[in-house]
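>>> Please work out how this folds:
(one chain, ligands or ions: 2)
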Amino acid sequence: MSIPEQVARLVEEAILPLGVEHFGFCPLEALSGLLDCRGKRLLPPAGSAILLLLPYYGGEFPERNLARYALCDDYHRIAGDILEEIIAPLAAAFPAEKFLPFVDSSPIPEVEAGALAGLGFAGKNGQLITPWYGSCAFLCEVVTTLPLPQTGPSAAAGCESCRRCLDACPTGALSGQGLEKARCRSHITQKKGELTPWEQKEIQKGGLAWGCDICTAACPHNRGLSLTTIPQMRENLVPVLTEENLPSLLEQKSYGWRGEKVLRRNLAILREDQHCKRDR
Ligand code: SF4
Ligand code: SF4
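Ligands and ions are numbered 1, 2, ... in the order given. So this is what the prediction gives:
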């Protein structure tokens, strides 16, 4: 059995019992033109990334004031545990090699790497569109000194002439040129400090205390999604953040890193809007 086959077998044996179904390899050399200084400094040039898809769709709820990806327990922790399960057998099989887990804070451009690994294509909304979960999956990876062959890109079609996410974006943050963060509602809900009247209005119009699902919901690849196959992503789903449940969720959910103040501010902005509507 070749080294890549051995790695693929060990990864598969580790992830399938955890409900993770899809992974791919991307040599770091294929990303060299896309790496920032941190990536160039941190990463072994001849190494590779083993990328995993973690689907998060948890179903529909009668009421929700949080983006869909934020309902489950902190995906950083869930992904971190899954990556450790992969690293243990790999490190035992290849003791001379290095294996580093990354979730979110990755030095590699994950969407491009995911596409090169055959896990989907880069959508006009800036997300990786996968054939299995649309864009409703987290990407995480193990970066290793082992050279592994590229497993993609697949024959995924791409966005072609579709522009539904661009047309659906209510603030004009999304254009053919990429994302203008300052106009994105999701980014605004994460901003610290006092928000401008325009930013407050955008939170009220969106109705979410964290995130924005509009461009994700507009994408035809996100229709008819199945529930996540990862048991931990289906547990403890909390669709509504309130003043009361907030303290207990801070430690548990991914948005907790932003701190109580930002979340309470967003809830106050939404509450004020409801009062205004009642008084009208
Ligand atoms: S998350 Fe919302 S505001 Fe941001 S780009 Fe998508 S639709 Fe536009
Ligand atoms: S909505 Fe259309 S243009 Fe936007 S990411 Fe999905 S397929 Fe691509």
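>>> quick one, what contacts residue 136?
Contacts for residue 136 (C-beta atoms under 8 Å, 6 or more residues apart in numbering) come out as 55, 56, 57, 68, 69, 216, 222, 225. For every residue, glycine as well, the C-beta is placed using N, CA and C.
>>> what's the spacing between it and ligand 1?
13 Å (C-beta to the nearest ligand atom, to the nearest Å).
>>> try residue 221
In terms of C-beta to the nearest ligand atom, residue 221 sits 15 Å off from ligand 1.
>>> Could you count how many residues lie near that residue?
Residue 221 has 23 neighbours, counted by other C-beta atoms under 10 Å.
>>> Next to ligand 2 in this structure, residues from the protein, please.
With C-beta under 6 Å from any ligand atom as the criterion, the chain meets ligand 2 at residues 123-125, 129, 159, 162-165, 218-221.
>>> got the residues of this protein near ligand 1?
169, 171, 173, 174, 179, 184, 185, 186, 212, 214, 215.
>>> Same list (the residues you listed) but as a markdown table, adding secondary structure, pLDDT and neighbour count.
Listed next are those as a markdown table, based on DSSP: H, G, I helix; E, B strand; the rest coil; pLDDT from 0 to 100; neighbours: other C-beta atoms under 10 Å:
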| residue | secondary structure | pLDDT | neighbour count |
| --- | --- | --- | --- |
| 169 | coil | 97 | 21 |
| 171 | coil | 97 | 19 |
| 173 | coil | 97 | 22 |
| 174 | strand | 94 | 24 |
| 179 | strand | 93 | 16 |
| 184 | coil | 98 | 21 |
| 185 | helix | 98 | 24 |
| 186 | helix | 98 | 20 |
| 212 | coil | 98 | 23 |
| 214 | helix | 97 | 20 |
| 215 | helix | 97 | 27 |
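>>> for those residues, which one is nearest residue 272?
residue 185 (16.7 Å; C-beta to C-beta).
>>> wait, is residue 51 part of a helix?
No. Going by DSSP: H, G, I helix; E, B strand; the rest coil, the assignment for residue 51 is strand, not a helix.
>>> doesn't residue 118 make contact with it?
No. Judged on C-beta atoms under 8 Å, residue 51 makes no contact with residue 118 at a distance of 9.3 Å.
>>> Looking at those two, which one has more neighbours?
Taking neighbours as other C-beta under 10 Å, residue 51 and residue 118 compare with residue 51 leading, 29 against 21.
>>> need the contact list for that one.
23, 24, 25, 26, 110, 113, 114, 117, 119, 139, 140, 141.
>>> Of those residues, which is the nearest to ligand 2?
Ranked by distance to ligand 2 (C-beta to the nearest ligand atom), the contacts of residue 51 are led by residue 114 at 13.9 Å.
>>> Quick check: the closest one vs residue 128, distance?
According to C-beta to C-beta, to the nearest Å, residue 114 stands 4 Å off from residue 128.
>>> Looking at the two, which has the bigger crowd around it?
Neighbours per residue (other C-beta under 10 Å) separate residue 114 from residue 128, with residue 114 holding more: 30 against 25.
>>> rewinding a little: next, check the contacts of residue 136 against the helices and list the overlap.
residue 216 (DSSP state H).
>>> so the residue nearest to residue 36 when sequence neighbours are not counted is in which element?
Once flanking residues are discounted, residue 36 sits nearest to residue 107: 7.2 Å by C-beta to C-beta, 6 or more residues apart in numbering. For residue 107, there is no host helix or strand (DSSP states H and E).
>>> With residue 273 instead?
For residue 273, the host element (DSSP H and E) is helix 260-279.
>>> Report all helices and strands that that helix contacts.
Here helix 260-279 touches helix 185-190, helix 197-206, helix 246-249, going by 3 or more C-beta pairs under 8 Å, 6 or more residues apart in numbering; DSSP states H and E.
>>> Could you say which of the ones you listed is packed most deeply?
Compared across the helices and strands packed on helix 260-279, helix 185-190 shows the largest average neighbour count, a mean of 21 (mean count of other C-beta atoms under 10 Å).
>>> Give the rounded mean pLDDT of stretch 242-256.
Mean pLDDT, stretch 242-256: 97.
>>> mind listing what's buried in it?
246, 249, 253, 254, 255 (16 or more other C-beta atoms under 10 Å).
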